[in-house]
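# I would like the atomic coordinates for the input below:
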Amino acid sequence: MLRYLTFLLVFLLAFSCIKKKSIGPVPKIEFVDFKKIGPAGYDSALFKLSYEDSDGDLFRDRNDEGPNLIFKTLSWNADSGKYFTDLIFSRVVLQPAEGYYKNKSIQGYIYLNEAEFRTPSKPKNLKFEVYMIDLQSNRTNVATLTRTLTE
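Numbering: from 1, shown residues only. Prediction:
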């Protein structure tokens, strides 16, 4: 019996030291994937972002609450050796399942299917930057992705 109590005590002490991951009220996002899609000559892309939000207020309830996702495409300028802004757009990402996730710790994926993700000059060397703003005006980190396109 003493052996079982000792084992139980050691077990409880070992797992009491493991803390749950806490990310705080500021959500986090990152790029997971990028695919150029569509037939040749068309400029469409599918972006996959992951998100993590401890208080579930990353999404908007209605379209009229303003954009919460800001996306920037930058293109490489060989003369200056720097990226410059090519295109900026924003989107409203709505709360899924009628607010089911509100006030809950959430994580998942956001898929952006963009018909025009760069200017008509179609620069090849690109950097994408995206961030989101939650309902409490907390701004996520800026997720970046660099790609060289052949078309």
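# the strands in the chain, which residues?
28-37, 44-53, 69-77, 82-91, 106-114, 125-132, 143-148 (DSSP state E).
# got JSON lines for those strands, with distance to residue 60 too?
C-beta: built from backbone N, CA, C; applies to glycine. What follows is these, written out as JSON lines (distance: least, C-beta to C-beta, whole Å):
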{"stretch": "strand 28-37", "distance to residue 60": "15"}
{"stretch": "strand 44-53", "distance to residue 60": "13"}
{"stretch": "strand 69-77", "distance to residue 60": "10"}
{"stretch": "strand 82-91", "distance to residue 60": "10"}
{"stretch": "strand 106-114", "distance to residue 60": "13"}
{"stretch": "strand 125-132", "distance to residue 60": "10"}
{"stretch": "strand 143-148", "distance to residue 60": "19"}
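# Just put those in TSV and tack on distance to residue 59 and mean pLDDT.
Below are these laid out as TSV (distance: least, C-beta to C-beta, whole Å; pLDDT from 0 to 100):
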stretch	distance to residue 59	mean pLDDT
strand 28-37	12	93
strand 44-53	9	94
strand 69-77	10	95
strand 82-91	11	94
strand 106-114	9	92
strand 125-132	9	96
strand 143-148	17	94
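# Surely residue 132 and residue 91 touch.
No: Residue 132 is not in contact with residue 91 according to C-beta atoms under 8 Å; the separation is 9.5 Å.
# which neighbours do those two share?
The contact sets of residue 132 and residue 91 overlap at 68-69 (C-beta atoms under 8 Å, 6 or more residues apart in numbering).
# more crowded one of those two?
Taking neighbours as other C-beta atoms under 10 Å, residue 132 and residue 91 compare with residue 132 leading, 26 against 16.
# Bridged to the more buried one, which residues?
Legend: beta-bridge partners of residue 132 under DSSP bridges are residue 69.
# How about residue 89?
With DSSP bridges as the criterion, residue 89 is bridged to residue 71.
# Quick one: neighbours of it, just the number.
Neighbour count for residue 89, taken as other C-beta under 10 Å: 14.
# same thing with residue 142?
Residue 142 is flanked by 12 other residues according to other C-beta under 10 Å.
# What sits closest to it if chain neighbours are left out?
Excluding its sequence neighbours, the residue lying closest to residue 142 (C-beta to C-beta, 6 or more residues apart in numbering) is residue 131, at 4.8 Å.
# Cheers, nothing more for now.
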